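1. Take this sequence and fold it.
(chains A and B)
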Amino acid sequence: NAGVTQTPKFQVLKTGQSMTLQCAQDMNHNSMYWYRQDPGMGLRLIYYSASEGTTDKGEVPNGYNVSRLNKREFSLRLESAAPSQTSVYFCASSVQGGQPQHFGDGTRLSIL
Amino acid sequence: AQSVTQLGSHVSVSEGALVLLRCNYSSSVPPYLFWYVQYPNQGLQLLLKYTTGATLVKGINGFEAEFKKSETSFHLTKPSAHMSDAAEYFCAVSDRENRDDKIIFGKGTRLHILP
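-> The predicted structure follows:
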């Protein structure tokens, strides 16, 4: 199915481990986003890429890095995972602008 | 800076009853406004959005929302609730004058449908 694909769907890490969350979209969208969702907090933007080759920090970027590998792919890296990063992570995309149109199904990440 | 407040983290309605989910926003300029829905274990889906023009906006699945500038509100309604409407709903706002500005999400309202 066309859309936004995230891998993995679930992951458990130990504190201090590193990990990369992968995201790919096949809709030829220019803009891509990474959000985290925590109970009672709504969605908070971690990083944003308006177009291939550009990235910007969002509301909660500390502890994360991103790479816009090409127009299709936008990865999120945790260099040294902390329990506070336990969350559900969503990747999203849009044709342009800061308003996401399509979301992936999320990656559920637990840091022990 | 813009912000959005959703009144009620949980709302319960009976099947067939009116659904009303409340959203108030704060913005220094006329905003773009959005409602998203999230079904269990899925990502968000865009229900509807207001940008310009008609203040009553119709979306998918029978939902609609009305932009009321005087009340700084963008409440979501559906005349008759269905069991399949049970989900979490998020209101969001963005700066209308800057198309690249990121949107701000509310904290969400979980809608429960009673049989």
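2. ok, the spatially most central residue of chain B - contacts?
-> With distances taken as C-alpha atoms, centre = their mean, the residue of chain B nearest its centroid is residue B:35 (3.4 Å). Residues in contact with residue B:35 (C-beta atoms under 8 Å, 6 or more residues apart in numbering or on different chains) are B:21, B:23, B:46-49, B:59, B:63, B:65, B:74, B:76, B:89-92. Where you see a C-beta, it was placed from the backbone N, CA and C, and this is true even at glycine.
3. and chain A, which of those residues contact it?
-> Checking those against chain A by C-beta under 8 Å from any C-beta of the partner chain, the ones in range are B:46, B:49, B:90.
4. What residues does the second one make contact with?
-> When you say that, I think you mean residue B:49. Residue B:49 makes contact with A:99, B:32, B:33, B:34, B:35, B:57, according to C-beta under 8 Å, 6+ apart.
5. what does chain B have sitting close to chain A?
-> Listed as neighbours of chain A in chain B under the rule C-beta under 8 Å from any C-beta: B:9, B:32, B:34, B:41-46, B:49, B:90, B:94, B:99-103, B:105-108.
6. if you set the cut-off to 10 Å instead, what comes out?
-> Within chain B, the positions near chain A by C-beta under 10 Å from any C-beta of the partner chain are B:4, B:6, B:9, B:32, B:34, B:36, B:38, B:41-46, B:49, B:51, B:88, B:90-92, B:94-95, B:98-108.
7. from the residues you listed, which would you call buried?
-> B:4, B:6, B:32, B:34, B:36, B:38, B:43-46, B:49, B:88, B:90-92, B:94-95, B:101-108 (16 or more other C-beta atoms under 10 Å in any protein chain shown).
8. Quick check, pLDDT for the residue of chain B found nearest chain A.
-> Distances between chain B and chain A by C-beta to the nearest C-beta are smallest at residue B:43, namely 3.0 Å. pLDDT recorded at residue B:43 is 90.
9. now do residue B:97
-> pLDDT recorded at residue B:97 is 55.
10. ditto for the one 10 residues further on
-> pLDDT for residue B:107: 94.
11. do residue A:59 as well
-> Predicted confidence (pLDDT) for residue A:59: 88.
12. Equivalent analysis for residue B:100, please.
-> pLDDT recorded at residue B:100 is 57.
13. One more: residue B:84?
-> Residue B:84 is assigned 96 on the pLDDT scale.
14. wait, isn't it in contact with residue B:40?
-> No: between residue B:84 and residue B:40 there is no contact under C-beta atoms under 10 Å: 11.7 Å.
15. What's the nearest residue in chain A when you look at chain B?
-> Closest contact between chain A and chain B, by C-beta to the nearest C-beta, is at residue A:103 (3.0 Å).
16. all strands for the chain, in order.
-> Answering for chain A, as no chain was given. Applying DSSP state E to chain A gives strands spanning A:4-7, A:10-13, A:19-25, A:31-38, A:42-49, A:56-57, A:64-68, A:74-78, A:87-94, A:102-103, A:107-111.
17. that answer is for a different chain, and I need it for chain B
-> Remark: strands assigned in chain B by DSSP E are B:3-7, B:10-14, B:19-26, B:31-38, B:44-50, B:56-58, B:64-68, B:73-78, B:87-95, B:104-105, B:109-114.
18. what pLDDT, on average, does the second one get?
-> When pLDDT is averaged over strand B:10-14, the result is 97.
19. Any idea what the residue nearest to the spatial centre of chain A is bridged to?
-> For chain A, residue A:34 is the residue whose C-alpha lies nearest the centre (C-alpha atoms, centre = their mean; 3.0 Å). Beta-bridge partners for residue A:34, by DSSP bridges, are residue A:47, residue A:91.
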